[in-house]
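Q: Below are the sequence and a predicted model for it; my questions follow.
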Amino acid sequence: MKPIKLRVPRGEAHDLLDDLTAWASTSGIDPGLSTFGEPDMAVSTDAQILYQVYVSESFFELFPQWRTFIEQ
């Protein structure tokens, strides 16, 4: 699997982590979650977090809302 980058609003990050955990427990695949710090980003609730994950299409079939956060 190729890594996928997701740019997620800080306020929704907890939901992503919950969904990744649920998907990993049912799929048996470790999503290999990594975060990337953005040096000029102020820490606020409006800030976004850049994640890198290793997930298959089945993740987006179960949780289609995360597809909109894929960074090209």
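A: Received it, and whenever you're ready, just let me know what you need. These figures come from a predicted structure and were not determined experimentally.
Q: Could you use CA atoms for every contact and neighbour count after this?
A: OK.
Q: by contact count, what packs against the lowest-mean-pLDDT helix or strand in the chain?
A: Counting by mean pLDDT, DSSP states H and E, the chain has its least confident helix or strand at strand 34-36, which shows a mean of 90. Strand 34-36 sits against strand 48-53, with contacts defined as 3 or more CA pairs under 8 Å, 6 or more residues apart in numbering; DSSP states H and E.
Q: Buried residues, the helix or strand that the strand it packs on is followed by. List them.
A: As assigned by DSSP states H and E, the chain's next helix or strand after strand 48-53 is helix 57-62. For helix 57-62, burial by neighbour count (16 or more other CA atoms under 10 Å) applies to residue 59.
Q: can you give me the offset of helix 57-62 from its chain's centre?
A: Relative to its chain's centre, helix 57-62 lies at 12 Å (CA atoms, centre = their mean, to the nearest Å).
Q: got it, and stretch 17-30?
A: 11 Å.
Q: List the neighbours of that stretch that are in contact with it.
A: With CA atoms under 8 Å, 6 or more residues apart in numbering as the test, stretch 17-30 has contacts from 31, 54, 55, 59, 62, 63.
Q: Can you pull out the low-pLDDT segments for the protein?
A: Counting by pLDDT under 70, the chain has low-confidence residues at 38-46.
Q: Noted, bye for now.
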